[in-house]
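Asker: structure here, sequence nowhere to be found:
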């Protein structure tokens, strides 16, 4: 069964450092999402791609976060510089037929 | 209700007991409600997509109901088993959100043998 892949699964970084997460959606899925889940809260959409284009990044803190999906397949989410408040689970999902399929997430801890 | 709210935040269930919990969402501009199960160290897994008022969906021992007029959905687990231990998330889609999921904070279920 096809799955959404994410790496790394866990990342510990010091504040002010740069960090990057990678997502490979299910093959053929044109829509890709990045979510952030802070402990005790539900996942919040950071950015949505349709193929290589950003269609919604209204909740992305653009001063430090960037996301790209250059060839419309896999995607990278970057944080530079990381802050303590960025500690969270970062989930990637891709969409087919209205159903979102999630990856296992990257747990980020900023110290 | 302006946001998606889930209650309780967590619950402990004895193996074999049945349980249920709630997702509340805005009653206007309803498009769909999704339920996900998220086990530790795994990917969130889709359980149900509910679109019609009065919908009832079932998957094994888990079932869900939907009331769009009053803005709530119940998830039921019958005869809980340890493998049902997970966080259950609901996500609301409004008709004017272009398919954007608005998640609740989840209900964490722990089933003890």
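Answerer: That came through fine. Quick caveat: nothing in here was measured; it's all calculated off a predicted structure.
Asker: how close does the closest residue to chain A within chain B get to residue A:25?
Answerer: As assessed by Cβ to the nearest Cβ, chain A sits closest to residue B:103 within chain B, at 3.1 Å. (C-beta placed from N, C-alpha, C; glycine too.) Counting by Cβ to Cβ, to the nearest Å, the gap from residue B:103 to residue A:25 is 19 Å.
Asker: before we move on, the earlier item: how about the nearest residue to the residue of chain B closest to chain A once chain neighbours are set aside, secondary structure?
Answerer: Among residues not flanking residue B:103 along the chain, residue A:42 sits closest, at 3.1 Å (Cβ to Cβ, 6 or more residues apart in numbering or on different chains). Judged by DSSP: H, G, I helix; E, B strand; the rest coil, the three-state class of residue A:42 is coil.
Asker: got the phi and psi for residue A:42?
Answerer: When read as degrees, to the nearest 10, the backbone of residue A:42 gives phi -80, psi 160.
Asker: of residue B:103 and residue A:25, who's got more company?
Answerer: residue A:25 (28 against 23; other Cβ atoms under 10 Å in any protein chain shown).
Asker: who does the residue of chain B closest to chain A bridge with?
Answerer: On the basis of DSSP bridges, residue B:103 is bridged to residue B:91.
Asker: hmm, it is touching residue A:36, no?
Answerer: No. In this structure, residue B:103 is not within contact of residue A:36 by Cβ atoms under 8 Å, at 11.0 Å.
Asker: any common contacting residues for the two?
Answerer: Both residue B:103 and residue A:36 are contacted by A:43, A:44, under the criterion Cβ atoms under 8 Å, 6 or more residues apart in numbering or on different chains.
Asker: I figured residue A:39 was touching residue A:107, is that so?
Answerer: No. Counting by Cβ under 8 Å, residue A:39 does not reach residue A:107; the two are 10.2 Å apart.
Asker: any idea how many residues pack against residue A:82?
Answerer: Number of residues near residue A:82 (other Cβ under 10 Å) recorded here: 23.
Asker: so it makes contact with residue A:12?
Answerer: No. Using Cβ under 8 Å, residue A:82 is not in contact with residue A:12; the gap is 10.3 Å.
Asker: which neighbours do these two share?
Answerer: Common neighbours of residue A:82 and residue A:12 (Cβ under 8 Å, 6+ apart) are A:108, A:110.
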